[in-house]
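A.B. asks: Need a 3D model of the sequence below.
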Amino acid sequence: MHNNIRIQGVRENNLKGVSLEIPKREITVFTGVSGAGKSSLVFDTIAAESQRQLNAAFTNYLPLAGRPDADVIENLSVAVVIDQKQIMGNSRSTVGTITDIFSVLRLLYSRIGEPHVGLSNAFSFNEPEGMCPECNGLGKKLGLDLDKLLDREKSINQGAIRLALQNYEWQRYAKAGLFDGDKKLADYDKQEWELLLYGGGTVELSTKNVVIQQNYEGLVNVFERRYINRDISTLSEKNQAAIARVMSQVPCPLCRGARLNQAALNSKINGYNIAELAAMEAKELIVILSKITEPAATPIVSSVIDGLQGLISLGLGYLTLDRETVTLSGGERQRIKMVRNLGSTLTDLVYIFDEPTIGLHPRDVDGLSGMLRRLRDLGNTVLVVEHDPDMIAIADHIVDVGPRAGQAGGEIVFEGTVAELKAADTLTGYHLRHRMGLKTSFRQPTGQMHISNAQRHNLQNISVDIPREILTVVTGVAGAGKSTLLEVFLEAHPEAIYVDQTPIRTSTRSVPATYVGIMDAIREQFAEANGVSKSLFSFNSEGACQNCEGLGTIYIELPFMDPVKSTCEICNGKRYKDEVLDYTLRGKSINDVLEMSVSEALAFFDHVKLQRTLEALDDVGLGYLKLGQPLSSLSGGECQRIKLSGELHKSGSVYVLDEPTIGLHMADLDRILAIFNRLVDEGNSVIVIEHNLDIVKNADWVIDLGPGGGTQGGEIVFEGTPQDLLDVQGSFTAEYLRGDILQEN
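C.D. replies: The predicted structure follows:
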């Protein structure tokens, strides 16, 4: 049996003919600075060749992708790639469906649910047999949004009903004494509120000196009758627009968001229907399921609990099975993919992970480490691209790529054990030996930004002051409420600059030069130097290779699979017609320029706008990116830093950043901290959601949420300096910070 994956002469992207042997049935961590070539080696070479050879086994059915640029790739197994890409899903896809846990739960209800309804598809909101007939299984409909319709700080007579079409009518009811027209809606008691919204009883109204008795319907009922259950196209455009402003997706009035029909919802086990179980957090659901004792249900219950334990072991115990997958963060999506593989009994596979610690508090990394070890112990090979020291520490074997990024990288600078790496003369080895120290002097705030009585999602009516003009880090375990707290803050401070993890809107035609807005200036310089139209230098227009239409790659779409891609044989991936490449600017063709890294382009161009934009990209640690690299190939962290680069030269602002260290090597943390400190020194307030302890240690102020995730979180555990955090008990952040300080010493 071959014990090593053997690779020789790999030249993908910036790799410089590297050769190495990777031990099979062990955990190998690939590390190195951002842009060193880790992904080129692991994903573009190992994973790509495994997929190519697998497809080759079905040559009668599947087209073949191009072979990676390497002399030898031997002894591969089938690769399972667990990356950061968006899970393919829509509003019908939930945590339960994507992990198949809900499918097993449906089977349980079809066996022992009372009254008996039918087969498991009778409990599926994606099947006609189970879906709610009112909302077709979506759990929501376009309907009246009371928060948009009503201003609770006003009375009816002051115009509390924002829809002017109806204000006059409710003033009539107020004048008739049905409710107090001068009382703020916020002061209504439960009975008054129900009366206003849903009506009841009769009232005497005067119309043209005639007193009549009239049934009172209520605001919601009238709105639905007049505007939802009729064709509003007969109304004027002005009135249609007014109605649209108070409409949004609201829970379905029939199933109340449960998605299922009434027969499925009436079937119960131990007093719970399936929707009620799906709305429970994984930890709570395990307790409920453990009380089911019917012998016929035992293996099914065991299977559901195993899946839920997988969620918990990866720090996702706060999720519910009915949570839509489109609402998950990048780190949550990746860990959900891991859960799908935990139940596999296949062996001798290659599992490939792309920075699996993204979104994880140090406490939760322990559970992830255990999962990777279990995969290895089943006889699989585990390859991990990672920067986190705690993940590096569990490796059986380490490959350090470097020495630096881009063209200054692409070499194997170390292979060996963790202990050997700590003594190695590489950037990774250096930073493992020299951990960042704890900040000891702290800026004083110039004021406070208030959050009062926040109760959204799991936030438990918390109030907190965020200091102005200092560096504040918001931390806590996954699901503690950090993002929700900042969501509330951003609504109160819409002027804040928010740089989040949402993917840049990209296509196969998007590259850094087009996204940051310098491509047009580059084309103008080429056009001016050669006396031709600038449209010639657009790979989306006149200059594009006709075979690949300027993509440089031929994509073949396959149902239910990633597309197969191969380099265009006409332009060899250069995107342009041959005649366009004959035109040069200071000896460089347009393709040569797009092949330049940001740092190389910075030295090449003297155009003021280009210089300013390129400097900003270099400042955020993206000097290694090629101007023509497809944005779809960038990591989440790289995309976030591209967005950040466009905001760096503003001042007097509030910056909110969601895990900006994603994808950053330890050697790059100094650079990102320097950016934060510069922004603060220029008069900005910088607020960062972060798990990285080096960032926590260098904050002026720390807000720690928890103590746990989901219903166990949502509280302020600590507010103060990182130095004071060391002495706090009952905080997981404090516990791991103390351990980190001990490692320094």
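
A.B. asks: what does the host helix or strand of residue 301 rub up against?
C.D. replies: With the criterion set as DSSP states H and E, the secondary-structure element containing residue 301 is helix 298-313. When contacts are taken as C-beta atoms under 8 Å, 6 or more residues apart in numbering, the neighbours of helix 298-313 outside the stretch itself are 95, 99-101, 104-105, 107-108, 111, 282-283, 285-286, 289-290, 292, 317, 319, 338-339, 342-343, 367-368, 370-371. Bear in mind the C-beta positions are built from the backbone N, C-alpha and C, glycine included.

A.B. asks: One more: stretch 271-290?
C.D. replies: By C-beta under 8 Å, 6+ apart, the list of residues contacting stretch 271-290 from outside reads 94, 96, 102, 105-106, 109, 113, 123, 255, 258-260, 264-267, 270, 301, 304-305, 308-309, 311-312, 316-322, 710-712.

A.B. asks: Filter the contacts of helix 298-313 down to the buried ones and hand me the PyMOL line.
C.D. replies: Here the buried members of those are turned into a PyMOL selection, burial being counted by 16 or more other C-beta atoms under 10 Å:
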select buried, resi 95+99+101+104+105+107+108+282+283+285+286+289+292+317+319+338+339+342+367+368+371
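
A.B. asks: Go through the contacts of helix 298-313 and flag which are in helices.
C.D. replies: Among the contacts of helix 298-313, the members falling in helices (DSSP state H) are 95, 99, 101, 104-105, 107-108, 111, 282-283, 285-286, 289, 338-339, 342, 367-368, 370-371.

A.B. asks: Give me the neighbour count for the residue nearest to residue 550 when sequence neighbours are not counted.
C.D. replies: Take residue 550 and drop its neighbours on the chain: the residue closest to it by C-beta to C-beta, 6 or more residues apart in numbering is residue 544, 3.1 Å away. By the measure other C-beta atoms under 10 Å, the count of residues near residue 544 is 21.

A.B. asks: do you know how far residue 544 is from residue 551?
C.D. replies: The spacing between residue 544 and residue 551, counted by C-beta to C-beta, to the nearest Å, is 8 Å.

A.B. asks: So for those two, which residues contact both of them?
C.D. replies: Here residue 544 and residue 551 share the contacting residues residue 575, scored by C-beta under 8 Å, 6+ apart.

A.B. asks: show me where pLDDT drops low in the stretch 301-450 of the chain?
C.D. replies: Within the stretch 301-450 of the chain, the set of residues satisfying pLDDT under 70 comprises 330, 342-343.

A.B. asks: all strands of it, in order?
C.D. replies: Across the stretch 301-450 of the chain, reading from the start of the chain, the strands by DSSP state E, counting those that start in this stretch fall at 350-354, 381-385, 397-402, 411-416, 448-454.

A.B. asks: Tabulate the ones you listed (CSV), appending mean neighbour count and distance to residue 631.
C.D. replies: CSV is the format used below for the strands of the stretch 301-450 of the chain (neighbours: other C-beta atoms under 10 Å; distance: least, C-beta to C-beta, whole Å):
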stretch, mean neighbour count, distance to residue 631
strand 350-354, 23, 16
strand 381-385, 25, 19
strand 397-402, 24, 22
strand 411-416, 18, 26
strand 448-454, 15, 33
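
A.B. asks: Export the ones you listed as TSV, with columns for distance to residue 189.
C.D. replies: TSV is the format used below for the strands of the stretch 301-450 of the chain (distance: least, C-beta to C-beta, whole Å):
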stretch	distance to residue 189
strand 350-354	54
strand 381-385	57
strand 397-402	65
strand 411-416	70
strand 448-454	19
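
A.B. asks: And those: which comes nearest residue 634?
C.D. replies: Proximity to residue 634 (C-beta to C-beta) singles out strand 350-354 among these, at 12.0 Å.

A.B. asks: how far away is the residue of the chain most remote from its centre from residue 108?
C.D. replies: Distance from the C-alpha centroid of the chain peaks at residue 209, with 62.9 Å (C-alpha atoms, centre = their mean). Distance of residue 209 to residue 108, given as C-beta to C-beta: 67 Å.

A.B. asks: what element comes up after the helix or strand of the chain with the lowest mean pLDDT heading to the C-terminus?
C.D. replies: The helix or strand with the lowest mean pLDDT-type score in the chain, counting by mean pLDDT, DSSP states H and E, is helix 164-175 (a mean of 66). Beyond helix 164-175 in the direction of the C-terminus, DSSP H and E gives the next helix or strand as helix 190-198.

A.B. asks: which parts of that next one are buried?
C.D. replies: Taking 16+ other C-beta under 10 Å as the criterion, helix 190-198 shows 195, 196, 197 as buried.

A.B. asks: thinking again about what came up before, state the pLDDT value of the residue nearest to residue 550.
C.D. replies: Confidence at residue 544, expressed as pLDDT, is 96.

A.B. asks: residues contacting the closest residue to residue 119 other than its chain neighbours?
C.D. replies: Closest residue to residue 119 apart from its sequence neighbours, by C-beta to C-beta, 6+ apart: residue 110 at 5.4 Å. Contacts here follow C-beta under 8 Å, 6+ apart; on that basis residue 110 touches 117, 118, 119, 120, 122, 123.

A.B. asks: Lowest-confidence one in these?
C.D. replies: Within those, lowest confidence goes to residue 118 (90).

A.B. asks: State the helix or strand in which that residue lies.
C.D. replies: Under the criterion of DSSP H and E, residue 118 resides outside all helices and strands.

A.B. asks: how many other residues sit next to it?
C.D. replies: Residue 118 is flanked by 15 other residues according to other C-beta under 10 Å.

A.B. asks: thinking it is in contact with residue 129, fair?
C.D. replies: Yes. Under the contact definition of C-beta atoms under 8 Å, residue 118 touches residue 129, with a separation of 6.7 Å.

A.B. asks: Surely residue 656 is in contact with residue 492?
C.D. replies: No. In terms of C-beta under 8 Å, residue 656 does not count as a neighbour of residue 492; the distance is 11.7 Å.

A.B. asks: Compare these two and say which is more crowded by neighbours.
C.D. replies: Under the criterion of other C-beta under 10 Å, the comparison of residue 656 against residue 492 puts residue 656 first, with 22 against 12.

A.B. asks: part of a helix, is that one?
C.D. replies: No. Under the criterion used here (DSSP: H, G, I helix; E, B strand; the rest coil), residue 656 is strand, not part of a helix.

A.B. asks: Report the contact partners of it.
C.D. replies: With contacts defined as C-beta under 8 Å, 6+ apart, the neighbours of residue 656 are 486, 489, 490, 496, 497, 498, 499, 687, 688, 689.

A.B. asks: how about those in TSV, adding secondary structure and neighbour count?
C.D. replies: Converted to TSV, the contacts of residue 656 look like this (DSSP: H, G, I helix; E, B strand; the rest coil; neighbours: other C-beta atoms under 10 Å):
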residue	secondary structure	neighbour count
486	helix	22
489	helix	21
490	helix	16
496	coil	17
497	strand	18
498	strand	19
499	strand	19
687	strand	28
688	strand	24
689	strand	23
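
A.B. asks: Output the residues you listed in JSON lines; the columns should cover distance to residue 666 and pLDDT.
C.D. replies: Shown next, in JSON lines, are these (distance: C-beta to C-beta, whole Å; pLDDT from 0 to 100):
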{"residue": "486", "distance to residue 666": "25", "pLDDT": "92"}
{"residue": "489", "distance to residue 666": "29", "pLDDT": "96"}
{"residue": "490", "distance to residue 666": "30", "pLDDT": "93"}
{"residue": "496", "distance to residue 666": "29", "pLDDT": "93"}
{"residue": "497", "distance to residue 666": "26", "pLDDT": "92"}
{"residue": "498", "distance to residue 666": "26", "pLDDT": "91"}
{"residue": "499", "distance to residue 666": "21", "pLDDT": "87"}
{"residue": "687", "distance to residue 666": "23", "pLDDT": "97"}
{"residue": "688", "distance to residue 666": "17", "pLDDT": "96"}
{"residue": "689", "distance to residue 666": "19", "pLDDT": "95"}
